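Participant: next input, structure requested:
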Amino acid sequence: MKAFIARKRWWSLVVGGGLAGLLALVGAGFLGTGGTIPVPVAYAETNRNDGWVTGDQSGSLVGRDPEGKFTQAFPLKHTDVSIQISGPLARAQVTQQFENPYPVKIEAVYTFPLPQDAAVDSMTLTVGDRVVKGTIKKREEARAIYEAAKRRGNVAGLLDQERPNIFTQSVANILPGEKITMTISYVETLGYDDGIYSVVFPMVVGPRYIPGHPPDPVPSLGEGWAYDTDQIPDASHITPPVLKPDTRSGHDLSLSVKIDAGVSIQDVQSATHDIVVNNSKASQAEVYLKQEATIPN
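Facilitator: Numbering: from 1, shown residues only. From the prediction side, this is the model:
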């Protein structure tokens, strides 16, 4: 979604360690300890034929059970995006709700986009009545902490920045029927062009060209449709399957924006979605999707 309003370093974040938490700055990343990382090769092989998925597989985690057997999709139920704009800055909170529908404990991984210049500064993992806050550490350290928590059987989360605008979120040791809520916060500077400020929230990691040749016989480790290659060694981590044209996503998204411009707002428009705009003051406005929940597109 792109709404016009008159508009690093890579890292990893770890959440976990039982109920202790650390953010991991990998390259940097967020880490929440107490978990494991899935390597959904079987699922990836299924989709590498054409890169397409069905509606109930899109925008979803994939995972494996404690014996290393791969499950099917681990559905993303709902995404809620709340953005607060103050002057030229935007602070956003993205809340994603997942649920384990399987009779076994699983590990899961989910690849999703954020704005190109977003600076993620917090991640929270909520499992039942347990709330774990992430800490930022260097990628290798975050990964090591996450793996250790996984071996202990703790619930944990790991957020890796694969590209400036592509993130991979891993959640470990999710019990049968358990509901998981991941909340990510970031800040960014509004875009500005010819008197118009804009804010953009991406809803899909689009297909991309992957040059080079895959290694032989080394398998790809990510869940994407592409094999790792000699030119793009992490291709399997940045190519999540996408929906076929005219196919409905299996989950929905709600989005709200509160604007405090500090000066009079001339107009608020969205180039991609129907919106509702409520102006409380000349310099303030609240913006919502016309359909309170919409499919990511």
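Participant: give me the contacts around whichever helix or strand residue 183 is part of.
Facilitator: Residue 183 belongs to strand 179-189 when assigned by DSSP states H and E. By Cβ atoms under 8 Å, 6 or more residues apart in numbering, the surrounding residues in contact with strand 179-189 are 30, 88-100, 114-115, 117-128, 157, 159, 169, 171, 174, 199. (Each C-beta comes from the backbone N, C-alpha and C, glycine too.)
Participant: and that strand, which strands flank it?
Facilitator: Sheet pairing for strand 179-189, assigned by DSSP bridges, gives strand 89-99 (antiparallel), strand 119-127 (antiparallel).
Participant: lowest average pLDDT across the ones you listed?
Facilitator: Lowest mean pLDDT within the strands paired with strand 179-189: strand 119-127, at a mean of 85.
Participant: in that one, what counts as buried?
Facilitator: Neighbour counts over strand 119-127 (16 or more other Cβ atoms under 10 Å) mark 120, 122, 123, 124, 125, 126, 127 as buried.
Participant: helix or strand right after that strand?
Facilitator: Where DSSP H and E defines the elements, the next helix or strand beyond strand 119-127 is strand 130-133.
Participant: in that following strand, which residues are buried?
Facilitator: Buried residues in strand 130-133, counted by 16+ other Cβ under 10 Å: 132, 133.
Participant: please name every helix or strand in contact with that strand.
Facilitator: strand 11-16, strand 28-33, strand 119-127 (3 or more Cβ pairs under 8 Å, 6 or more residues apart in numbering; DSSP states H and E).
Participant: neighbouring strands - and their directions - for the helix or strand just after the strand holding residue 183?
Facilitator: Downstream of strand 179-189, the first helix or strand assigned by DSSP H and E is strand 191-193. Sheet pairing of strand 191-193 (DSSP bridges) gives strand 196-200 (antiparallel).
Participant: and the partner strand, C-alpha only, in CSV?
Facilitator: C-alpha atoms of strand 196-200 as CSV (Å, rounded to 0.1, in the frame of the first residue of the first chain):
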residue,chain,number,x,y,z
ILE,A,196,4.1,15.7,-1.3
TYR,A,197,5.0,13.4,1.6
SER,A,198,4.4,9.7,1.2
VAL,A,199,4.5,6.6,3.4
VAL,A,200,4.6,3.1,1.9
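Participant: in the protein, which helix or strand is least confident?
Facilitator: Lowest by mean pLDDT, DSSP states H and E among the helices and strands of the chain is helix 41-47, with a mean of 29.
Participant: so what pairs up with residue 124 in the strands?
Facilitator: residue 133, residue 183.
Participant: returning to that earlier point: mind putting the strands paired with strand 179-189 into a markdown table with distance to residue 211?
Facilitator: Listed next are those as a markdown table, based on distance: least, Cβ to Cβ, whole Å:
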| stretch | distance to residue 211 |
| --- | --- |
| strand 89-99 | 31 |
| strand 119-127 | 29 |
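Participant: for residue 105, find the nearest of those.
Facilitator: Among those, the nearest to residue 105 by Cβ to Cβ is strand 119-127 (12.1 Å).
Participant: pLDDT value on residue 82, please?
Facilitator: Model confidence at residue 82, given as pLDDT, is 94.
Participant: name the element it belongs to?
Facilitator: Using DSSP H and E, residue 82 sits within strand 76-86.
Participant: and that strand, which residues are buried?
Facilitator: Neighbour-count burial for strand 76-86 [16+ other Cβ under 10 Å]: 76, 77, 78, 79, 80, 81, 83, 85.
Participant: I'd like the residues you listed as TSV, with distance to residue 104 appended.
Facilitator: TSV is the format used below for the buried residues of strand 76-86 (distance: Cβ to Cβ, whole Å):
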residue	distance to residue 104
76	19
77	19
78	24
79	26
80	28
81	32
83	37
85	43
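Participant: of the residues you listed, which pair is most distant in space?
Facilitator: Using Cβ to Cβ, the buried residues of strand 76-86 span at most 27.2 Å, a distance reached by 77 and 85.
Participant: if we can go back for a sec, can you dump the C-alpha atoms of the strand holding residue 183 in CSV for me?
Facilitator: Extracted C-alpha coordinates of strand 179-189, given in CSV (Å, rounded to 0.1, in the frame of the first residue of the first chain):
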residue,chain,number,x,y,z
LYS,A,179,-1.2,-19.2,19.1
ILE,A,180,1.8,-17.0,18.5
THR,A,181,1.8,-13.2,18.2
MET,A,182,4.9,-11.4,16.8
THR,A,183,5.0,-7.6,17.1
ILE,A,184,7.7,-5.7,15.2
SER,A,185,8.2,-1.9,15.5
TYR,A,186,10.2,0.3,13.1
VAL,A,187,10.8,3.9,12.3
GLU,A,188,11.4,5.6,8.9
THR,A,189,11.6,9.0,7.3
